[in-house]
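Visitor: this one's structure only:
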């Protein structure tokens, strides 16, 4: 499972000209699922995400978590995080989980985040053509991943 985590001032997702998810200060998270991913891996990454200390404290040090600042999450499924571009110029997505597993773990990840006392957890729409907008803060972008070992 891979997460691309962006610290944002605001972010939103639009599907068919309708805003379906939006947040203010917090994390915009792109989430990719591999065929070997499990709920245990999702649980591990939920904990990493909510305890990630990249928000500034009173001394302007990155020392606060999303919970500390009452931040919000926007979580968007993103199978292209598993693109393999090693051969040719057209990416292969065979390293991404099939849609059924990917959606199950995406939904599970979202539900686990909602249980963690996060101010707001918004989402995109799995499998939809989405337009994502964000105002990256910093910019701070971090990749979190955990493989089934």
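Guide: Received it, and whenever you're ready, just let me know what you need. Every value quoted in this text rests on a predicted model; they were computed, and no experiment measured them. Residues are numbered from 1 along each chain as shown.

Visitor: and the residue nearest the centre of the chain?
Guide: Against the mean C-alpha coordinate of the chain, by CA atoms, centre = their mean, the closest residue is residue 29 at 2.2 Å.

Visitor: now for residue 65: which residues touch it?
Guide: Each residue near residue 65 by CB atoms under 8 Å, 6 or more residues apart in numbering is listed here: 50-53, 55. For glycine as for every other residue, the C-beta is placed from the backbone atoms N, C-alpha and C.

Visitor: mind redoing it with 10 Å?
Guide: Applying CB atoms under 10 Å, 6 or more residues apart in numbering, we find residue 65 in contact with 49-55, 71.

Visitor: just the closest of those residues to residue 87, please.
Guide: Checking the contacts of residue 65 against residue 87 with CB to CB, the nearest one is residue 49 at 32.3 Å.

Visitor: apart from its neighbours in sequence, what residue is nearest residue 62?
Guide: Residue nearest to residue 62 in three dimensions, not counting chain neighbours: residue 54, with 4.8 Å by CB to CB, 6 or more residues apart in numbering.
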